[in-house]
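Undergrad: structure for the following, please:
(4 chains)
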Number of protein chains: 2
Amino acid sequence: MAEAPRLTESAGAVFAVLAQAGSATRPQLASLAGLSKPTVSAAVAELEGARLATHSGTASSGTGRSAAVYGLGPASGSVLAVDLGPARTRVRGCALDGTLLAEASTPRARAADAVREALDALPPGAPLRAIVVAVGDVTEPDRTSGAMRPATAKAGPVFDAVSVALPPGVPVHLENNVNCAALAELHEGAARGRRTFGYLRIGVGIGLGIVIGGQVLRGANGAAGELARLPYPWDDDREPRQEALEAYVGSGALLRRAAQAWGASDGPRPRTADRLFALAAQGREPARALVARHAADVGRLAAAVTAVLDPGLLVLGGSTGADPQLLPGVRAELERLSWPTEVVSSQIGDLGTVVGAARLAVAQGVQNVTEGAQVKD
Amino acid sequence: MAEAPRLTESAGAVFAVLAQAGSATRPQLASLAGLSKPTVSAAVAELEGARLATHSGTASSGTGRSAAVYGLGPASGSVLAVDLGPARTRVRGCALDGTLLAEASTPRARAADAVREALDALPPGAPLRAIVVAVGDVTEPDRTSGAMRPATAKAGPVFDAVSVALPPGVPVHLENNVNCAALAELHEGAARGRRTFGYLRIGVGIGLGIVIGGQVLRGANGAAGELARLPYPWDDDREPRQEALEAYVGSGALLRRAAQAWGASDGPRPRTADRLFALAAQGREPARALVARHAADVGRLAAAVTAVLDPGLLVLGGSTGADPQLLPGVRAELERLSWPTEVVSSQIGDLGTVVGAARLAVAQGVQNVTEGAQVKD
DNA sequence: TGTACTTCGTTAGGAAGTTAACTAACGAAG
DNA sequence: CTTCGTTAGTTAACTTCCTAACGAAGTACA
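TA: Sure, this is the predicted structure:
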């Protein structure tokens, strides 16, 4: 394999901007990268030489000479994103401009198959520059290898099963799934254009993804946003129990309360949160009351987050968090207890985790190119 | 007044490094600023010409030629820090390397006098480059002027009284007092060398200063760390009330509980938190039990912070938070509920707020010099 | 169709910073 | 008292990127 020469600094900057934009003219690249026209010309020539960029057409801005448009070249390669979700494993392969190149999905048990399927669908020859794996667990460095691993036994076995299917020599990054979903909302969802916000996911468990200045906040142990550890119950005469909050605002609690509240005359009892929300949307009792109460609970969770972070925006996600029916109740409770904060529902839903993982992988891949880290062959 | 020419970028970088170090040789400046020897030579010459740096001696490193030592010059000027505390107003004037030039302290009511006293003690002729005022309130931009102001009526009047004593034309920055104290712990206290931690202050009120990557986290409304808004009390069957937490873990609650618990045979009842802690240190009941319970309460507060932020280190401060007696109880409760997190007591105490405000002012002042923002005359 | 106007891209000269090599100053060992 | 190793500071050649000016390639309009 030919020695890939390291890029000059300006060429790296131009490449990063080009990857972000997908395609752009030289004047656009100059203004986005903050470089002068001559420098961009030199950088583009260098990138074309390395087949990292290609001339992909021309664009006319109405009047004046039409500009050459450039896009990513075949040597720029691709990245892989893996979401080891509780039920399904989703895998996506992307180019460095974010375009989807391959997609696969399997039940959680056959996670490695999804990875292999997506890898096969990626264009051969071009280097795989980064892999991001999203897991529903806190991550910590392994004692012996130093590589990141799931901190508890929750996600360990699946992660190991997937690891063997990953091509060697490619840097693998592990990330919490809620953090990934938050990134998806940041780039393609309800938090577009923001720099700081919180993504509150309520499903079986509860979790918070924190984005500050466009960066995910991971915390000292990668445990930032582990809201299950909020003290609960908490009062003058009650001692908080460990992890008690999850059993109270999680989807399990919602369904348990429904089972208790359901009377013989209330019709068939809903077995899923979705069904419960559907009944509540029709104004049927006791579904409506249960959802209203759930909204207040979520509002209290939101108030706890706001009291510490004041994020300005909270995006609600997860199986029992994303329903827009909750918004009025959440907003009311949040306003009652805390600071005025915008609250909206997730726009991406279940795919958020892979999408965000892909965003992270793309960012890592671009860094891989611009900083000249070479992939072993 | 002579036109102060803007500094070149490298001279600005060298000045910033020199201000941080206080004094340094050229090789030190080169390595700290990440510049080469020739560039540093040119920058130092430029700074000397502008009287922003002066040759202040020589330093021998054992073997080899001895190097010239440089320090800040007379034109570098000074900054002012004002702490509008609940009882006293403290003012400090500092040079841009952080050395104390003037200090004053008055009761809160005569705040403007302290400012005037400190201003008089500053070296005349050299420019005042920045002013930072610390207040015990959330800050927000004023509707008409756009300048920052205290958000509620709490700190407004004192701030206005001080404002008239401030020299016109100097940029004034308003900052929350807990954030200032956190910065003091970061630079000169218990969090030295850290990049991320939380400073938990418990006194009459409760507050949290958040430092992430060396930067204070202010939040969208400047309300990050306003823990009084945490939902409390919180349980299946109890509705949180607004701002109820402060009345429960604040120093008022501690003394109120002491008043209730004190029996006739327990000796004279302590009227201040200090006295209560002193009795507890001797193992006297019921002081010991009250302090132990307070420690658990603080531990729950710490757990709430850790669940959201995972800061890795919490520094406890404030009149009823800084006592080291609390540490074992806080650590135990935090470990029971949440993630392992280091907990230590404040090393600076009451002066933290001015000290941190001075740090902020110095940083602003250095930026003022290096970015060439000119002070009106 | 030619002329004016606008935008794209290149060329030329200059500013700022780097590396490399050299000179200067200092201490320690013979 | 000289010599050697080490560290400080300067000089010179080179790199990188910028600004300014100019030629090239389009559109708009008489």
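Undergrad: the domain parsing of chain A - what is it?
TA: Taking automatic domain parsing as the reference, chain A has its domains at A:9-75, A:77-181+A:353-370, A:190-347.
Undergrad: what's the average pLDDT for the first one?
TA: This predicted structure assigns domain A:9-75 an average pLDDT of 95.
Undergrad: any part of that domain near DNA strand C?
TA: Yes. Using Cβ under 7 Å from any atom of the strand, domain A:9-75 comes into contact with DNA strand C via A:25-27, A:37-38, A:41, A:61, A:63-68. For every residue, glycine as well, the C-beta is placed using N, CA and C.
Undergrad: which elements pack onto the helix or strand of chain A with the lowest mean pLDDT?
TA: Least confident element among the helices and strands of chain A, by mean pLDDT, DSSP states H and E: strand A:139-141 (a mean of 83). Helices and strands touching strand A:139-141, as assessed by 3 or more Cβ pairs under 8 Å, 6 or more residues apart in numbering or on different chains; DSSP states H and E, comprise strand A:148-150, strand A:172-176.
Undergrad: dump the last one to CSV, restricted to CA.
TA: In CSV, the C-alpha atoms belonging to strand A:172-176 read as follows (Å, rounded to 0.1, in the frame of the first residue of the first chain):
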residue,chain,number,x,y,z
VAL,A,172,-13.2,1.6,17.9
HIS,A,173,-15.0,4.1,20.1
LEU,A,174,-17.6,3.1,22.7
GLU,A,175,-20.4,5.6,23.5
ASN,A,176,-23.4,5.6,25.7
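Undergrad: wait, which of the residues of domain A:9-75 next to DNA strand C is closest to residue B:16?
TA: Residue B:16 has its nearest neighbour among the residues of domain A:9-75 next to DNA strand C in residue A:38, at 30.5 Å by Cβ to Cβ.
Undergrad: using a markdown table, please lay out the domains of chain A together with mean neighbour count and distance to residue B:361.
TA: A markdown table is the format used below for the domains of chain A (neighbours: other Cβ atoms under 10 Å in any protein chain shown; distance: least, Cβ to Cβ, whole Å):
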| stretch | mean neighbour count | distance to residue B:361 |
| --- | --- | --- |
| domain A:9-75 | 17 | 30 |
| domain A:77-181+A:353-370 | 20 | 36 |
| domain A:190-347 | 20 | 23 |
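Undergrad: the ones you listed: which one's closest to residue B:336?
TA: domain A:190-347 (6.4 Å).
Undergrad: gap between the two ends of the closest one?
TA: Start-to-end span of domain A:190-347 (Cα to Cα, to the nearest Å) is 6 Å.
Undergrad: could you give the average pLDDT over that domain?
TA: In the prediction, domain A:190-347 has an average pLDDT of 95.
Undergrad: and what of stretch A:97-111?
TA: Here the average pLDDT along stretch A:97-111 is 96.
Undergrad: residues making contact with it?
TA: A:18-23, A:71-72, A:78, A:82, A:84-95, A:113-115, A:117-123, A:158, A:161-162, A:358-359, A:362 (Cβ atoms under 8 Å, 6 or more residues apart in numbering or on different chains).
Undergrad: how long is it end to end?
TA: 26 Å.
Undergrad: roughly how far does residue A:326 sit from chain B?
TA: For residue A:326, the distance to chain B (Cβ to the nearest Cβ, to the nearest Å) stands at 17 Å.
Undergrad: Three-state assignment for that residue, please.
TA: helix (DSSP: H, G, I helix; E, B strand; the rest coil).
Undergrad: nearest spatial neighbour of it, skipping sequence neighbours?
TA: Spatial nearest neighbour of residue A:326, chain neighbours left out: residue A:295 (4.4 Å); criterion: Cβ to Cβ, 6 or more residues apart in numbering or on different chains.
Undergrad: now do the contacts for the one you found.
TA: A:325-330, A:333.
Undergrad: got these as TSV, with distance to DNA strand C columns?
TA: As requested, the contacts of residue A:295 are exported to TSV (distance: Cβ to the nearest atom of the strand, whole Å):
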residue	distance to DNA strand C
A:325	48
A:326	47
A:327	44
A:328	48
A:329	51
A:330	47
A:333	51
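Undergrad: nearest to DNA strand D among those residues?
TA: Nearest to DNA strand D, judged by Cβ to the nearest atom of the strand, of these is residue A:327 at 45.9 Å.
Undergrad: state which one residue of the stretch 251-377 of chain A is found closest to DNA strand D.
TA: residue A:370 (11.8 Å).
Undergrad: that residue and residue A:19: what is the separation?
TA: Going from residue A:370 to residue A:19 by Cβ to Cβ, to the nearest Å gives 9 Å.
Undergrad: what's the mean pLDDT across the helix or strand harbouring residue A:161?
TA: For residue A:161, the host element (DSSP states H and E) is helix A:156-163. Here helix A:156-163 scores 89 as its mean pLDDT.
Undergrad: what angle separates that helix from strand A:172-176?
TA: Counting by axes from the mean of the first three to the mean of the last three Cα atoms, to 10 degrees, helix A:156-163 lies at 150 degrees to strand A:172-176.
Undergrad: now do helix A:156-163: distance to the chain's middle.
TA: With Cα atoms, centre = their mean, to the nearest Å as the basis, helix A:156-163 stands 20 Å off its chain's centre.
Undergrad: need the nearest residue in space to the residue positioned nearest the centre of chain A, chain neighbours excluded.
TA: By Cα atoms, centre = their mean, chain A has its centre lying nearest to residue A:180, at 2.2 Å. Nearest non-adjacent residue to residue A:180, counting by Cβ to Cβ, 6+ apart: residue A:356, 3.5 Å away.
Undergrad: hang on, that neighbour packs against residue A:182?
TA: Yes. With contact defined as Cβ atoms under 8 Å, residue A:356 and residue A:182 form a contacting pair (6.7 Å).
Undergrad: got the phi/psi numbers for the one residue in the stretch 1-150 of chain A that gets nearest to DNA strand C?
TA: Of the stretch 1-150 of chain A, the residue with the smallest distance to DNA strand C, taken as Cβ to the nearest atom of the strand, is residue A:64 at 2.0 Å. Taking degrees, to the nearest 10, you get phi 90, psi 180 for the backbone angles of residue A:64.
Undergrad: for residue A:348, same thing?
TA: phi -110, psi -40.
Undergrad: just give me the neighbour total for it.
TA: By other Cβ atoms under 10 Å in any protein chain shown, the residues close to residue A:348 number 20.
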